[in-house]
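A.B. asks: requesting a structural model of the entry that follows:
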Amino acid sequence: MPPSLLGGSLLTVFPVLKREYIDTGKVRYVFRDFPLTSIHQQAEKAHESAHCAGESNKYWEMHDMLFEKQNDLMVPSLKQYAEEIGLDSTTFEECLDSGKYQVAIQKDVDDGGAAGIRGTPSFFVGKSGSGDSITGTIIRGAQPLVNFQTIINQLLSDHASDVGVSPESDESPPARLP
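C.D. replies: Residues are numbered from 1 along each chain as shown. Take a look at the predicted model:
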């Protein structure tokens, strides 16, 4: 998020990456918040709404709704979207109105800024290190599928060489972290 910066290509690229790499356990996908409030005044509340939905195991449903409804991220609309995806309105509204995820979202923004992120979408593709660290390549903007595939396949090939296994081997399924 913010969805309006994603462009059409990411909406078609991600499903392929998910099917070929994430769902097969070859790649772990971690989503971090980076609301661009200077461009989208409601971006932070939109991010908060996804986390509040996550309390009812509906993070990704709200995430997808926000992309679908990207032209209206006002708080009353966020509350309506919550109802549309089947959330309890009282619980969701209490969470959203509390601002309880502001600190965590700001930490993601600070971490992203320190890592060189200036806009969305941005991706780190590389090897996981200690904690949440990743050593690898930054991909900025909505890029063609082949750009992701080239980097990912090279990393998988390097990893397979390092541990002596085929890059096609099954590993544990990825964590879907909000």
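
A.B. asks: those helices in this protein, which residues are they?
C.D. replies: Defined through DSSP state H, the helices belonging to the chain, from first to last, are 7-17, 43-54, 59-68, 75-84, 89-98, 102-114, 145-163.

A.B. asks: quick one, which of those helices is packed in tightest?
C.D. replies: Mean neighbour count, computed with mean count of other Cβ atoms under 10 Å, is highest for helix 43-54 among those, reaching a mean of 24. To be clear about C-beta, it is placed using only N, CA and C from the backbone, and glycine gets the same treatment.

A.B. asks: got the end-to-end distance for stretch 24-37?
C.D. replies: 35 Å (Cα to Cα, to the nearest Å).

A.B. asks: going forward, the N-terminal residue is numbered 254.
C.D. replies: With 254 as the first residue, the last one maps to stretch 277-290.

A.B. asks: buried set for it?
C.D. replies: 279-281, 285-289 (16 or more other Cβ atoms under 10 Å).

A.B. asks: mean confidence for that stretch?
C.D. replies: Averaged across stretch 277-290, pLDDT comes to 89.

A.B. asks: which of the buried residues of stretch 277-290 lies closest to I405?
C.D. replies: Sorting the buried residues of stretch 277-290 by distance to I405 puts V280 at the head of the list, at 6.2 Å, by Cβ to Cβ.

A.B. asks: for the closest residue to that closest one other than its chain neighbours, give its distance to L409.
C.D. replies: Counting by Cβ to Cβ, 6 or more residues apart in numbering, Y274 is the residue found nearest to V280 once chain neighbours are left out, at 3.9 Å. With distances taken as Cβ to Cβ, to the nearest Å, Y274 is found 8 Å from L409.

A.B. asks: need phi/psi at the most centrally placed residue in the chain.
C.D. replies: Central residue of the chain (Cα atoms, centre = their mean): F284, 2.9 Å from the mean position. Here is the backbone geometry of F284 (degrees, to the nearest 10): phi -100, psi 130.

A.B. asks: for the one 3 residues further on, same thing?
C.D. replies: Geometry field for F287 lists phi and psi as phi -150, psi 70, criterion degrees, to the nearest 10.

A.B. asks: pretty sure it contacts D361?
C.D. replies: Yes - shown here, F287 and D361 form a contact pair, counting by Cβ atoms under 8 Å, at 6.3 Å.

A.B. asks: just the pLDDT for the residue nearest to V280.
C.D. replies: In this prediction Y274 is given a pLDDT of 92.

A.B. asks: again with V416
C.D. replies: For V416, pLDDT reads 58.

A.B. asks: ok, Q294 next?
C.D. replies: For Q294, pLDDT reads 89.
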